[in-house]
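> The sequence and its predicted three-dimensional model are supplied below.
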Amino acid sequence: MRILVLVDGSKWSQKAALHAFSIARGKEAKVVLFSVLDRKEVKAIAFHLSLRSENLEEMKRFEETAWKEMKKSVKEVITTLLELGRKEGINCSFRVVEGAAKDRILEEANSGKYDLVVMGAYGKSGKTRIGSLLEDVAGFIEPPIVIVR
Amino acid sequence: MININRLILRKFKNIAGSRYEEILKSYREFFLTEEEMRIPHVESVLLAIDRYSGEVPEGIFRLLEHYSPQRATVIYVIDENVCRLIRDTLGEEDSEKFREREKELAEKFLKNVGSRLNNSGLNWKGDVVFADKTKYIEGSMENYDVLVIGKQYGLESAKTHHISPLVFRIVQHVTKPVVLY
């Protein structure tokens, strides 16, 4: 069984990975931790937090720092999860791409390479309304999907 | 322990040790606690089926083999509200006929799914009940680790939704992992 886990660095995506490990442990299975980094997300944060600044260079520097931190943060979460999975004898790997989250997720999930997709019920904002996530992504994913809370 | 400490320390650096409780209180929904950083074990699965969900795909049976739960239950819930509506509008006799026909159909569905579960060597039991679909499933999930349900479950009208509103409600209320097919 080939399992795709959507990891955005949030607690909920980490729980999703742990659930995927429980499916894969001791069985013939491969787990791929998949993360999408969206530059636009960082650009928006940089712009809105730097509204008082009239210095474009300062805003750009802030955006660059935030972008580096975002990458670092996700990679750190993925590394931790990979270590845990491999310690349990699970065949796991990772893939980090850049782009619009919804598009890249659907592209990967529906590529025909996976039998199962596992994702957290919430994202980085913590516990929010669950419906938008289902509408945006889960409804369009072709393989069976596990929503973890 | 090492893993979670690394995550906490990265976010909160040296203050994590002395102010851990405070951090936990304010940011619990953003990081995994030591207790949560564990691979769960699935011991029981509830598979909810109905005529609207379509056939249970092969991938779901393979997933159930991976879970290899000690307890698997296949439940077919016939909407009690529809039965009541028929009784109120068409009378007791027609309502009875409807119930019998629905039950026959449900048993047929159960038999098909059950036969495939037997092939997988899974220990399962099946049940047909007359109840409110969402309330029954939500209530039952107190006793199971994972719910498996079709995206079109309970979707009686034209299939314009990618996920049935009933499934939306169930996913929002059930606190356990939900598998959608």
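Looks like it arrived, so ask away.

> Tell me if residue A:20 really is in a helix.
Yes - Residue A:20: assigned to a helix according to DSSP: H, G, I helix; E, B strand; the rest coil.

> Can you pull out the low-pLDDT segments for chain A?
Scanning chain A for pLDDT under 70 picks out the ranges A:51-54, A:126-133.

> Sort out which residues of the helix or strand where residue A:44 lies are buried, please.
Residue A:44 belongs to helix A:39-49 when assigned by DSSP states H and E. By neighbour count on 16 or more other C-beta atoms under 10 Å in any protein chain shown, the buried set for helix A:39-49 is A:41-42, A:46. (C-beta placed from N, C-alpha, C; glycine too.)

> Tell me, how many residues neighbour residue B:111?
By the criterion of other C-beta atoms under 10 Å in any protein chain shown, residue B:111 has 11 neighbours.

> and residue B:161, what does it touch?
Applying C-beta atoms under 8 Å, 6 or more residues apart in numbering or on different chains, we find residue B:161 in contact with A:139, B:155.

> what's the neighbour count on residue B:156?
13.

> Chain neighbours aside, what residue packs nearest to it?
Spatially, and ignoring its direct neighbours in sequence, residue B:156 is nearest to residue B:52 (6.4 Å; C-beta to C-beta, 6 or more residues apart in numbering or on different chains).

> Pull up the per-residue confidence for that neighbour.
For residue B:52, the pLDDT comes out at 92.

> from memory it sits against residue B:151, does it?
No - if you go by C-beta atoms under 8 Å, residue B:52 and residue B:151 don't touch, sitting 10.0 Å apart.

> When those two are compared, which one has more neighbours?
residue B:151 (23 against 16).

> Regarding that one, what is its secondary structure?
Going by three-state DSSP: residue B:151 is coil.

> got the contact list for it?
Contacts were defined as C-beta under 8 Å, 6+ apart; by that measure residue B:151 touches A:138-139, B:53, B:162-164, B:167, B:180-181.

> One more pass at 6 Å, please.
B:163, B:180 (C-beta atoms under 6 Å, 6 or more residues apart in numbering or on different chains).

> Can you see whether stretch B:35-47 contacts chain A, counting any residue in it?
Yes - Stretch B:35-47 comes into contact with chain A (C-beta under 6 Å from any C-beta of the partner chain), by way of B:39-40.

> Quick one: mean pLDDT over that stretch.
91.

> which residues are contacting it?
Taking C-beta under 6 Å, 6+ apart as the rule, stretch B:35-47 contacts A:18, A:21-22, B:3-4, B:67, B:69-74, B:140, B:144-148.

> so how far is that stretch from its chain's centroid?
Distance of stretch B:35-47 from the chain centroid (C-alpha atoms, centre = their mean, to the nearest Å) equals 13 Å.

> Stretch B:117-131 too?
Worked out by C-alpha atoms, centre = their mean, stretch B:117-131 lies 14 Å from the chain centre.

> Report the buried residues of it.
For stretch B:117-131, by 16+ other C-beta under 10 Å, it's B:117, B:122, B:124, B:126, B:128, B:130-131.

> For these, work out which two are farthest apart.
With distances taken as C-beta to C-beta, the most widely separated pair in the buried residues of stretch B:117-131 is B:122 and B:130, at 26.0 Å.

> re the thing from before, pretty sure the residue nearest to residue B:156 is in contact with residue B:152, am I right?
Yes - contact criterion C-beta atoms under 6 Å: residue B:52 and residue B:152 qualify, at 5.2 Å.

> how distant is the helix or strand hosting residue A:34 from the center of its chain?
Using DSSP H and E, residue A:34 maps to strand A:30-37. Counting by C-alpha atoms, centre = their mean, strand A:30-37 is centred 7 Å from the centre of its parent chain.

> measure the residue nearest to residue B:156 to residue B:80 for me?
According to C-beta to C-beta, to the nearest Å, residue B:52 and residue B:80 sit 16 Å apart.

> Which one of the residues in chain B is closest to chain A?
Closest to chain A within chain B is residue B:162: 2.9 Å, counting by C-beta to the nearest C-beta.

> any idea what sits nearest that residue, other than its immediate chain neighbours?
Leaving aside its sequence neighbours, residue B:162 sits nearest to residue A:139 (C-beta to C-beta, 6+ apart; 2.9 Å).

> Helix, strand or coil: sort out residue B:78 for me.
Once three-state DSSP is applied, residue B:78 turns out strand.

> so it makes contact with residue B:129?
No - counting by C-beta under 6 Å, residue B:78 does not reach residue B:129; the two are 7.1 Å apart.

> tell me the angle the helix ranked longest in chain A makes with strand A:30-37.
In chain A, with assignment by DSSP state H, the single longest helix is helix A:56-87. Interaxial angle of helix A:56-87 relative to strand A:30-37 (axes from the mean of the first three to the mean of the last three C-alpha atoms, to 10 degrees): 170 degrees.
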